[in-house]
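> 3D, please:
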Amino acid sequence: MMQIQITCGQCGSGVTVLPSVKATAAKCDVCQHITPLKFDENHERSHLEDCPVCSRKDFYQQKDFNRIIGATLFIIAACLVPWTYGLSLLALYLLDVFLFRRLSQIAICYKCKTIFRSVANISNIPGYDHEMNDRIVYSDHDFKGKPLSH
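Here you go, the predicted model:
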């Protein structure tokens, strides 16, 4: 079953919900802010067509790994280079290859940054596109689920 992690609009905390047509809102455990939701049968079947939070159809996929942890590991490995003669970077590279093969893909909404795990149609969702992100975030452009074309 698809698992959805919503970012609270008030405090930025993660709110995890399971899709259900009966669910109409998600309540943040930290600040008690209520986020309205609109699920349909596709969400219950783990099929992602539109975002239940913002109703947009623009998503991208990436590996399910925390970027802050990745950047921190790189900084630590880079700082250890003088003492490890570069072997710390090699160790980090091997860890990265291992994690890349083991971690699953997730889908993320460009507009509201909602995270979708265990998506059945993840192969239909394109990778991240910087230009699409900038157009959606800064000018509120709606691509209606179609990839950017030039």
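> and the chain, what are its domains?
In terms of domains, the chain is parsed into 1-64+104-143, 66-103 (source: automatic domain parsing).
> now the first one, how far from the centre of its chain.
In other words, domain 1-64+104-143. 8 Å (Cα atoms, centre = their mean, to the nearest Å).
> stretch 86-105 now?
For stretch 86-105, the distance to the chain centre is 20 Å (Cα atoms, centre = their mean).
> pLDDT on that stretch, on average?
The average pLDDT within stretch 86-105 is 95.
> return the alpha-carbon coordinates of that stretch using CSV.
The C-alpha trace of stretch 86-105 is given here as CSV (Å, rounded to 0.1, in the frame of the first residue of the first chain):
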residue,chain,number,x,y,z
GLY,A,86,41.7,9.3,0.3
LEU,A,87,40.5,5.9,1.4
SER,A,88,37.6,7.6,3.3
LEU,A,89,36.2,8.8,-0.1
LEU,A,90,36.6,5.3,-1.5
ALA,A,91,34.7,3.9,1.5
LEU,A,92,32.0,6.5,1.0
TYR,A,93,31.8,5.6,-2.7
LEU,A,94,31.4,1.9,-1.9
LEU,A,95,28.7,2.7,0.7
ASP,A,96,27.0,4.9,-2.0
VAL,A,97,27.0,2.1,-4.5
PHE,A,98,25.6,-0.3,-1.9
LEU,A,99,22.8,2.0,-0.9
PHE,A,100,22.0,2.9,-4.5
ARG,A,101,21.3,-0.7,-5.3
ARG,A,102,19.3,-1.3,-2.1
LEU,A,103,17.1,1.7,-1.7
SER,A,104,13.8,2.0,-3.4
GLN,A,105,12.4,4.9,-5.5
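> which residues are in contact with that stretch?
With contacts defined as Cβ atoms under 8 Å, 6 or more residues apart in numbering, stretch 86-105 is touched by 61-65, 73-74, 76-78, 80-81, 117-119, 122. Any C-beta I mention is one placed from the backbone N, CA and C, and that applies to glycine too.
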